[in-house]
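Student: coordinates only, sequence not included:
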RNA sequence: GCGCGAUUAGCUCAGUGGUAGAGCGUCACAUUGACAUUGUGAAGGCCGGAGGUCCGAUCCCUCCAUCGCGCACCA
């Protein structure tokens, strides 16, 4: 044996050896006779690391714990499956990549466009994935890579769509107009759990509305921190038993708020606290979750006065278009001037901010997709909340440590409907298609082919704002560049046919795209722009001057415009062409290149707009996508659709993980064998995000629990108990540690001294300590090896020896500890036994015999010590897989410790 | 406001109804030994505070303090 244990050489070699042997795959183990075909299954899924970067110590701790369970199960003859995977982590990944791009190129995602931006995100995710996989292997995790999954791969896409459809059909997923958490900075909705509250100082104002009738004051003073939202008040709520205000309950008042007339009804609601503020609450249903709920109970109207950008939309000259903070100050001044403010006090307030972007959360009413958690469904007529609870109370899920069951129940009690749609680009697109004509949603529409309707590139006349009908104007340099960019985007759409207007600007556009994708365009004069007649070539200003009357009504269908053609004429020929080609190229992907006006009339018709209404104009070289479905819309009989542009909350797909990784919705052998999972091991910080959602999804889609046991580990902190973070500079990188001290030592440092649900303080010193243990173990083996007698060995007489009995006691204790999820105790016990008993005492004591004994005595002691060593290696293997396997290879070549029986 | 966790040696943490243990650190001695370091030994703790239950409490109960965390509220 080498005098020195070379960590890096050994660990790389050994992992490859395991992988090549195929024993990470339980089916191969059965094939090779290592596992009995009817053995009890043990299954666990890896909590998929986000593809946002690299592995950290938390991951390493998770891998260590899970690998112990998995290796222990495997060595105990169980049919053991541990599935690896990664998580696309929608918002997290998207914002990480966008931040990087902004920093490097000064562009945001809108500058790049959806397609190009997604391409970048995917490239980043791929790179990140590769790194993570390498790192996971470096830690020695015995995962079955043949079953690797990704929350955004094709198989999981099928799972997501099936889940969505099933839940929609059950009435659990609905589209609703409700107040959501709107992240102004990130421009998306987020769920309640993605909010972090920041404590800030703010002013609590007590004010009164002015009565509209006589300018006197509203009888009830109201306290608020958000004066700017009071434009949206539709009620004042007081506690039902509040004597002060009882006389007003049920009455409606027309009042003035900073110059805006509003109507408020005084209502009584239990949720109002008599002792807070004035005991009266101005109800702003559109901009507060709580107020929205009150409004629902009392059937109050709501008035939206803030938009997606956090700006005021209320028609009040003082604040219109202003940001909320500004509007608040303005309202305060106005009220003060009117003598309507009664009190101003400084208070501490929790401000809702978005976890990922740090932006302020503005509650806004929006049309979004939700999962109903309080709606009874299915045969049992139970709600999701009830099922999530019963999974733990009766369903057999045990959470360790137990105290987290309480935390879990508490969370369920406070759970609101889960908003699952996000306005970001990276993720599973909502599998809903809206009928272009009547907007009726269809889930998982079977789309057969696509049409892309594209506008030509810019011409000089466009630039000069000159009316351009049938005149042959070429596209200019800008237009050319626009078309080239568009052609790039269109090149991977599988376009079969290109049809274009025969006017030069479209012709050129179609030819550039056609060249890029290798298709010769077809030209059709019916797709031309409107014939502008007398308007042709005139500047917009000239038309306004010369034809003021027709210009005013220029979008009317029957407006004569330049005297040549009306929009009704255009609409007729464009639709005629469209319908004809639809028949002719059934099932083909078609690109239609045409003009702004033609697109407008076509789109207005397809969308079933009322006469005169026109869709917003399209940019040069931009294209709209129309999807054609196999089934006609049940509502209106049309078959043109467009998909919901939103994506799903990343936790929707991770919620399916325990069964989507096993092949669901297909009825696979894996699903049958390995579901429900034996254990779910993860950090306690994602019990709500993930654990709860997996239980939810499984209860609905699998009709039962997703796993039997939940083991929650703590957070890894630095030696002072702080979170590890880049800004603190206290990150201990698991890979650096593995290279320096070995993955084995790193693993052990994460196991010993940490128990379920408790945070672990880690320092490099600790890891070094366990490296010393590795060295010790190596030298124990080396010493025994050095004392190997010459020639044939006699039969071992070790059995029954007091040392062996002692080893068995250790084994029993260690086994019990592992079975009870007390990995730290097992590890400590082994550490102590190997170093302080085996090395310090037993070996020391036998040294004299090994030096001075008869050959028989020497052989006997050698056999005894070898038994002790190999027994220790087995027990240590789940904790320190590399070094134990390496030593085993020296003593028992041709066999593999990884699949030895425990 | 509700709830949870922690408080044990200088540091990091185990632990048990019968008046305490590990690792690291410190000190002394030994050792070129199988040991890129190891061995032997030592010092060091009224087990956060106050009550209670018990023959006996670090452990069980109650209250308090400090630190940390979660949830809710936040007009």
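Tutor: Cool, the structure landed. Everything numeric in this text was worked out from a predicted model, so none of it was measured.

Student: low-scoring stretches of chain A, by residue?
Tutor: In the predicted model, chain A carries pLDDT under 70 at residues A:791-800.

Student: Any idea which residue is closest to the centre of it?
Tutor: Against the mean C-alpha coordinate of chain A, by Cα atoms, centre = their mean, the closest residue is residue A:650 at 2.3 Å.

Student: surely that residue meets residue A:88?
Tutor: Yes: between residue A:650 and residue A:88 there is a contact at 6.5 Å, judged by Cβ atoms under 8 Å. Yep, even glycine has a C-beta here, placed from its N, CA and C like the rest.

Student: Give me the common contacts of the two.
Tutor: Residues touching both residue A:650 and residue A:88 (Cβ atoms under 8 Å, 6 or more residues apart in numbering) are A:151, A:427.

Student: For the lengthiest helix in chain A, name the packing helices and strands.
Tutor: Determined from DSSP state H, the single longest helix within chain A is helix A:114-138. Packing contacts for helix A:114-138, counted by 3 or more Cβ pairs under 8 Å, 6 or more residues apart in numbering; DSSP states H and E, involve helix A:7-21, helix A:57-75, strand A:85-86, helix A:90-105, helix A:734-741.

Student: Nearest to residue A:200, out of those?
Tutor: Between residue A:200 and the helices and strands packed on helix A:114-138, the shortest gap by Cβ to Cβ is with helix A:90-105, which sits at 22.7 Å.

Student: what's the angle between that closest one and helix A:114-138?
Tutor: 110 degrees (axes from the mean of the first three to the mean of the last three Cα atoms, to 10 degrees).

Student: Show me what helix A:90-105 is packed up against.
Tutor: helix A:109-112, helix A:114-138, helix A:650-654.

Student: okay, those helices in CSV with distance to residue A:259 next?
Tutor: Compiled in CSV, the helices and strands packed on helix A:90-105 are given as follows (distance: least, Cβ to Cβ, whole Å):
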stretch, distance to residue A:259
helix A:109-112, 36
helix A:114-138, 42
helix A:650-654, 44
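
Student: hey, which of these is tucked in deepest?
Tutor: Comparing the helices and strands packed on helix A:90-105 by mean neighbour count (mean count of other Cβ atoms under 10 Å), helix A:650-654 ranks first with a mean of 27.

Student: Contacts for whatever helix or strand comes next after it, please.
Tutor: Next along the chain after helix A:650-654, taking DSSP states H and E as the criterion, comes helix A:657-660. Helix A:657-660 has contacts (Cβ under 8 Å, 6+ apart) with A:45, A:48, A:85, A:149, A:151, A:155-156, A:159-160, A:653, A:671, A:675-677, A:680, A:694, A:698, A:701-702, A:706-707.

Student: out of the helices and strands packed on helix A:90-105, which comes closest to RNA strand B?
Tutor: helix A:650-654 (13.9 Å; Cβ to the nearest atom of the strand).

Student: That closest one packs against which elements?
Tutor: Here helix A:650-654 touches helix A:90-105, helix A:154-169, helix A:693-701, going by 3+ Cβ pairs under 8 Å, 6+ apart.

Student: and the angle for the second one with helix A:693-701?
Tutor: Using the same axes, to 10 degrees, the inter-axis angle of helix A:154-169 relative to helix A:693-701 is 60 degrees.

Student: So whichever helix or strand comes after helix A:154-169, near RNA strand B or not?
Tutor: Per DSSP H and E, helix A:154-169 leads on to strand A:173-183 as the next helix or strand towards the C-terminus. No: shown here: strand A:173-183 not in contact with RNA strand B (Cβ under 7 Å from any atom of the strand), separated by at least 11.1 Å.
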